[in-house]
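Engineer: Predicted model, plus sequence, below.
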2 protein chains.
Amino acid sequence: MGNQRSERVFSMPTRKLESVVSLRDIRVACKACSLKEICLPVGIDRDDLERLDSIIDRKHPLARGEHLFRVGDRFQSIYAVRSGSLKTYSTSEGGHEQVMGFQLPGELVGLDAISENQHPLAAKALETTSVCEIPFTDLESLSSQISGLQHQLLRVMSQEIRDDEQNMVILGQKSAEQRLAAFLISISNRFRRRGFSATQFNLSMSRSDIGNYLGLALETVSRLFTRFQNDGLLRVDRKHIELLDRDRLCAYSGAHCSEQQSPRESSRH
Amino acid sequence: MGNQRSERVFSMPTRKLESVVSLRDIRVACKACSLKEICLPVGIDRDDLERLDSIIDRKHPLARGEHLFRVGDRFQSIYAVRSGSLKTYSTSEGGHEQVMGFQLPGELVGLDAISENQHPLAAKALETTSVCEIPFTDLESLSSQISGLQHQLLRVMSQEIRDDEQNMVILGQKSAEQRLAAFLISISNRFRRRGFSATQFNLSMSRSDIGNYLGLALETVSRLFTRFQNDGLLRVDRKHIELLDRDRLCAYSGAHCSEQQSPRESSRH
DNA sequence: TTTAAATATTGATATAGATCAATGAATTTG
DNA sequence: CAAATTCATTGATCTATATCAATATTTAAA
């Protein structure tokens, strides 16, 4: 699928053996990981990468519906999605769920837990999902030695703030139509950036999750999908989406789409 | 006003003399600044503080309506509000403004600019406002030496992400009433944390700014203020707000108010 | 395979809050 | 200090989208 290539490079045996299963085979070095430019884009040389690699731990894949962490869990690591996808969400007292975001391959989760030393959100796998675990204290001490890493970490966090700001704009003043369009464009951009198709993908999250995330009723999401389809913008088949007219969809989203850019992917500089 | 005390401690003469006016007198050491626990809460000792201080630059106050920076400005520094307040906002192609946040004394602006090396938002003074300028490269190199500072910086950014997430909840699924209530509680908490009154304060921003920030029409904000007043929750006199029943207001906001906490103030741990 | 449980679609209706509009302070300006 | 401008309040109406409801489809379970 796409270029999820060359992930099976086996280096040293698993350092930590907390999980029982045959982790050894899954152990992959950062330097060989197809996601490495994403997790650590800039200015980290060969040696540094090796050091970084040594602190990163691959866990065995999560099944659909499994939690990576829950609200209130002690914060120890941030995670990078290697394959699959996650949703993060919080639950209000009334048991009502608020979906805060979706994490696709190459994206990080858990940065919001640093300040309180515990996870303010839960992270649940939307499908079979594997992640890299990056123990935070290790990362911190390493990044005080590797200045490029420190900077990179700050950049990633800053980007997260940007993205959240973008979402606030979307929630604060866009119409339902604009929201869904913006959402699809964002997903598309994020897939493309990871080397997947930008025009054809599967949404691993339910309509209800999308609606919740966008501040819309799921019925509205459903209706909009059919509307978009009727307008010739895309083709929907349940989870599968094919974007037929990305530009027009982008125009629908009410954003500057001149450079077919999305907030999320603009971090490359 | 409140305990905005003991700010006038004069140390060495201004290092950078970019601005013409009598900056010398305003120059105040971090270690004497009433905001120091806020900017740099933990684990920084006397010596380190002095080093930090040496990179921080006080600028002369901004007049109401003046910009601290504009969209697209090269990112060089982050800023801490010393007194007064700011709003950050972006402007869509249609010239439509989106207010992203308000910064009160002790709060930082500009963290979202790190990733792109330029400011994605503009920051404008809502009243006469003075800020500390913290050149980012200096801060970065210093924080690789002072591990407490590095951690603190990450914490602050993480907290910002948390806060934005909170705002997403508010925009995504709260009613107009809940939004305004949550907003007032948040402001109240932030004032209290800085030693100001939590029950009586002036809103430096207009109804329109509040509405824009909360994703509501200004008329709605206005109506809600009168409603809240009629309900005996508070007293409004134009910009001046007096909270009469904080608990009930908090209940209105639809959040767990058990510990009269707000997202923003929960960062102390 | 049948049954059950999610999940998705589509329609009908209700409503929170936007928008339009007019008036009244309060600030700013000349 | 008057005039102009900005800002706030209040009312009347309209609309986008939620909510309620029924059905269909898919997935999971038995």
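Structural biologist: On my side now, so go ahead.
Engineer: close to DNA strand D, is stretch A:222-237?
Structural biologist: No - on the criterion Cβ under 7 Å from any atom of the strand, stretch A:222-237 is out of touch with DNA strand D, staying 7.7 Å away. Where you see a C-beta, it was placed from the backbone N, CA and C, and this is true even at glycine.
Engineer: So for that stretch, what gets flagged as buried?
Structural biologist: Neighbour counts over stretch A:222-237 (16 or more other Cβ atoms under 10 Å in any protein chain shown) mark A:222, A:224, A:225, A:228, A:229, A:233, A:234 as buried.
Engineer: and the longest helix belonging to chain A with chain B, contact?
Structural biologist: Of all the segments of type helix in chain A, defined by DSSP state H, the longest one is helix A:147-173. Yes - Helix A:147-173 lies within reach of chain B by Cβ under 8 Å from any Cβ of the partner chain, at A:147, A:150-151, A:153-162, A:164-165, A:167-169, A:171-173.
Engineer: which helices and strands does that helix pack with?
Structural biologist: helix A:46-55, helix A:136-145, helix A:176-193, strand B:97-103, helix B:136-145, helix B:147-173, helix B:207-214 (3 or more Cβ pairs under 8 Å, 6 or more residues apart in numbering or on different chains; DSSP states H and E).
Engineer: what pLDDT, on average, does it get?
Structural biologist: Throughout helix A:147-173, pLDDT has a mean value of 90.
Engineer: do the same with stretch A:197-207
Structural biologist: Stretch A:197-207 comes out at a mean pLDDT of 94.
Engineer: what's the neighbour count on the nearest residue to residue A:149 once chain neighbours are set aside?
Structural biologist: The shortest distance from residue A:149 to any non-neighbouring residue, by Cβ to Cβ, 6 or more residues apart in numbering or on different chains, is to residue A:143 (4.2 Å). By the criterion of other Cβ atoms under 10 Å in any protein chain shown, residue A:143 has 21 neighbours.
Engineer: pLDDT score assigned to residue A:143?
Structural biologist: So residue A:143 comes in at 84 (pLDDT).
Engineer: That one touches residue A:155, doesn't it?
Structural biologist: No - counting by Cβ atoms under 8 Å, residue A:143 does not reach residue A:155; the two are 11.6 Å apart.
Engineer: re earlier: now go through the buried residues of stretch A:222-237 and say which are in strands.
Structural biologist: Members of the buried residues of stretch A:222-237 lying in strands (criterion: DSSP state E): residue A:234.
Engineer: Please list which of the buried residues of stretch A:222-237 also come close to DNA strand C.
Structural biologist: A:222, A:225.
Engineer: which of the buried residues of stretch A:222-237 lies closest to chain B?
Structural biologist: Chain B has its nearest neighbour among the buried residues of stretch A:222-237 in residue A:224, at 16.5 Å by Cβ to the nearest Cβ.
Engineer: pLDDT score assigned to that closest one?
Structural biologist: So, for residue A:224, pLDDT stands at 96.
Engineer: Count residues in the vicinity of residue A:240, would you?
Structural biologist: 11.
Engineer: same deal with residue A:181?
Structural biologist: 26.
Engineer: Hmm, it is touching residue A:252, no?
Structural biologist: Yes - with contact defined as Cβ under 8 Å, residue A:181 counts as touching residue A:252 (3.9 Å).
Engineer: what's the overlap in contacts for these two?
Structural biologist: residue A:228 (Cβ atoms under 8 Å, 6 or more residues apart in numbering or on different chains).
Engineer: which SS state does residue A:242 fall under?
Structural biologist: Put simply, residue A:242 is strand when judged by DSSP: H, G, I helix; E, B strand; the rest coil.
Engineer: Do me a favour and get the backbone dihedrals for residue A:254.
Structural biologist: phi 70, psi 30 (degrees, to the nearest 10).
Engineer: For it, give me its contacts.
Structural biologist: Contacts of residue A:254 (Cβ under 8 Å, 6+ apart): A:174, A:175, A:178, A:181, A:182, B:92.
Engineer: distance of it from residue B:195?
Structural biologist: 42 Å (Cβ to Cβ, to the nearest Å).
Engineer: Residue A:212 against residue A:98, yeah?
Structural biologist: Yes - here residue A:212 reaches residue A:98: they are 6.6 Å apart, a contact under Cβ under 8 Å.
Engineer: Burial check on residue A:137, number of neighbours?
Structural biologist: 11.
Engineer: Sorry, slip of the keys, the one I care about is residue A:158.
Structural biologist: 24.
Engineer: what's the spacing between it and residue A:184?
Structural biologist: 25 Å.
Engineer: Residue A:162 too?
Structural biologist: In terms of Cβ to Cβ, residue A:162 sits 20 Å off from residue A:184.
Engineer: repeat for residue A:73
Structural biologist: 32 Å.
Engineer: Compare the two (neighbour count), which wins?
Structural biologist: Using other Cβ under 10 Å as the criterion, residue A:73 and residue A:184 rank with residue A:184 on top: 25 against 17.
Engineer: Next up, the contacts around that one.
Structural biologist: So residue A:184 contacts A:234, A:241, A:243, A:249 (Cβ under 8 Å, 6+ apart).
Engineer: Tell me the one among the residues you listed nearest to residue A:108.
Structural biologist: Taking Cβ to Cβ as the measure, residue A:108 sits nearest to residue A:241 out of those, at 24.2 Å.
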